[in-house]
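# A structural model of the following input is requested.
(one chain, ligands or ions: 1)
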Amino acid sequence: MIHLDTKLVSLLEWIHNTQDEKLKPSSYSYISPKLEVRDVKGSGRGIYTNGHLNKSELVIRIPPSFLLNTTTVLSHISKYNTIASLSTSNIYTPFETIHDEFTKIYESLTKEELLDLSSFQLLGMYITIETQRGKSSFWKPFLDMLPSIADFELMPLVWQINNQHDLLDLLPQPIRKTSEKVYTRFTSDYNTVTALLQTKIDNTEAVLPLDQFLLAWICINSRCLYMNLPTSKSASDNFTMAPYVDFLNHSPNDHCTLKIDGRGFQVFSTCAYSENEQVYLSYGPHSNDFLLCEYGFTISDNKWNDLDVTEYLRPLFTSEQKRFLKEHDYWGNYTVNKEGISFRTEVALAVLQENTPTESRKLMGLINGITDGVVFKLKSDILLKTILNKVIHEAEQYKHLEFNNETDLVTRERKKVIGGLYNDRVTIATNVLSNL
Ligand SMILES: C[S@@+](CC[C@H](N)C(=O)[O-])C[C@H]1O[C@@H](n2cnc3c(N)ncnc32)[C@H](O)[C@@H]1O
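Numbering: from 1, shown residues only. Below you'll find the predicted structure:
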């Protein structure tokens with residue numbers, strides 16, 4: 001039996017709220033009675049079956065009004081604002097509005113200012129504010145169930161915000177770069193929202209504390225699901241947060257599938273389940289490097305792992321070779337995985353063998369798919385062997401981190417995960433080497 005805590009009970013009651021008279025019975029929220037939320041060691045909460053599930057069975061449906069995205073946020077804000085045109089007719093918003101110091105901010109935002117924000121910025125600001133509004137927020141049952149920052153202690157973004165450079169310095173270089181990009185995205189969003197609020201209020205730091213915006217931003221990043229929205233400006237804005245669906249943990253293999261239509265967000269099983277099985281969703285074909293930087297976790301034997309060898313190859317190109325690669329869109333992102341080398345890497349290794357690549361018919365033959373590039377293979381393999389041996393040699397020096405015995409438990413777990421990333425690198429490099 002699971003312990004259904006009171007917050008979960010409130011969430012379920014809220015999700016099943018049928019006050020929205022515009023909803024037809026067929027589009028009411030639905031959570032299969034054969035599902036339950038349980039704590040899962042090492043991965044927060046997850047969804048389990050408590051009975052047999054058939055293949056292709058509808059297991060969850062969350063109607064549009066309970067999805068948190070630009071459409072619903074703009075509809076809710078427009079209740080405090082004269083920007084009626086931002087409200088969308090099929091979104092239920094409570095008839096009674098509760099006014100407080102925070103809703104004054106909503107009142108003061110113009111349509112242009114709101115529409116200028118990206119989805120991440122708008123939702124980051126909204127979640128940070130609504131969390132502080134407590135009981136006055138329509139979204140309280142959902143916000144109460146979001147994780148805490150402690151759930152993201154493995155995420156390098158958190159180390160960076162806390163200035164833990166000693167840990168960041170231990171990361172393999174390509175992963176540092178990935179994490180740097182996440183940090184840049186975060187700071188840009190935080191600065192944009194802060195700058196906007198500074199034009200409205202005097203106490204921006206109190207309304208938008210860095211740590212709370214950070215948590216909201218990470219929750220969005222790790223729980224958003226992509227769907228087309230009428231209010232989105234770009235493809236990257238097309239996402240939603242979906243209560244309850246967001247308890248699904250990731251597995252590289254699909255165990256359920258999503259369907260999005262006018263009735264909202266629906267989840268169907270893609271295989272039969274027995275009782276007591278965890279129901280997973282694949283977040284995408286993500287390597288451990290990506291999962292750690294974007295979601296704060298890694299998985300063992302991840303079939304999507306790859307090894308980025310760009311930094312080993314980059315210094316070897318002459319300026320002419322570099323220009324050639326750029327012109328043909330093959331500059332950077334050179335990877336190998338357990339299956340072998342990517343085509344980009346194969347092209348890069350071939351280019352290194354041609355002093356005047358623009359004049360090489362062999363090279364163009366390879367790029368255009370006319371030849372199989374076998375003429376380059378011998379030298380490519382020799383160079384690749386040198387690089388992979390270097391990767392292994394470097395990684396061997398950090399692998400021990402996986403078995404560190406730090407007294408501080410958080411540091412121990414963080415170092416373990418770093419050691420695991422080096423181990424992943426050794427595994428891939430060894431695999432590729434054995435096939436050369
Ligand atoms: C969409 S949420 C899934 C529900 C989440 N476990 C919770 O407690 O709310 C995504 C987050 O769950 C955790 N997670 C998901 N899949 C995981 C897995 N396979 N192993 C470890 N943690 C996982 C990570 O913290 C990730 O950022």
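# please list the residues of the protein that sit near the ligand.
By the rule CB under 6 Å from any ligand atom, the part of the chain lying against the ligand is 42-46, 147, 151, 222-223, 246-250, 295-297, 299. Every C-beta, even on glycine, is put in place using the N, C-alpha and C of the backbone.
# can I get the buried part of the residues you listed as one ChimeraX selection?
Buried members of the residues of the chain next to the ligand, defined by 16 or more other CB atoms under 10 Å, are picked up in ChimeraX with:
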select :44,45,46,147,151,222,223,246,247,248,249,250,295,296,297,299
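# among the residues of the chain next to the ligand, which are in helices?
Counted as lying in helices by DSSP state H, out of the residues of the chain next to the ligand, are 222-223, 295.
# and the residues you listed, which is closest to residue 65?
Nearest to residue 65 among these, counting by CB to CB, is residue 223 at 18.0 Å.
# once you drop chain neighbours, what's closest to the closest one?
Leaving out its chain neighbours, the residue that sits closest to residue 223 by CB to CB, 6 or more residues apart in numbering is residue 246, at 4.2 Å.
# now the one you found: how far from residue 369?
As judged by CB to CB, to the nearest Å, residue 246 and residue 369 stand 42 Å apart.
# quick one: the helices in the stretch 51-200 of the chain?
Along the stretch 51-200 of the chain, counting by DSSP state H, counting those that start in this stretch, helices occupy 70-78, 101-108, 111-116, 119-133, 140-143, 156-161, 165-168, 173-198.
# quick check: angle from the last one to helix 119-133?
Relative orientation of helix 173-198 and helix 119-133, computed by axes from the mean of the first three to the mean of the last three CA atoms, to 10 degrees: 60 degrees.
# the helix or strand that helix 173-198 is followed by packs against which elements?
The helix or strand immediately downstream of helix 173-198 is helix 204-207, counting by DSSP states H and E. Under the contact definition 3 or more CB pairs under 8 Å, 6 or more residues apart in numbering; DSSP states H and E, helix 204-207 sits against helix 119-133, helix 173-198.
# what's the most buried one of those?
Comparing the helices and strands packed on helix 204-207 by mean neighbour count (mean count of other CB atoms under 10 Å), helix 119-133 comes out on top with a mean of 23.
# give me the packing partners of that helix, helices and strands only.
Packing contacts for helix 119-133, counted by 3+ CB pairs under 8 Å, 6+ apart, involve helix 70-78, helix 101-108, helix 140-143, helix 173-198, helix 204-207, helix 210-223.
# any idea of the mean pLDDT in that helix?
Helix 119-133 shows a mean pLDDT of 97.
# for stretch 59-79, same thing?
Mean predicted confidence for stretch 59-79 is 91.
# please name the nearest non-neighbouring residue to the residue in the stretch 301-436 of the chain that the ligand sits nearest to.
Closest residue of the stretch 301-436 of the chain to the ligand, CB to the nearest ligand atom: residue 302 (9.6 Å). Among residues not flanking residue 302 along the chain, residue 288 sits closest, at 5.0 Å (CB to CB, 6+ apart).
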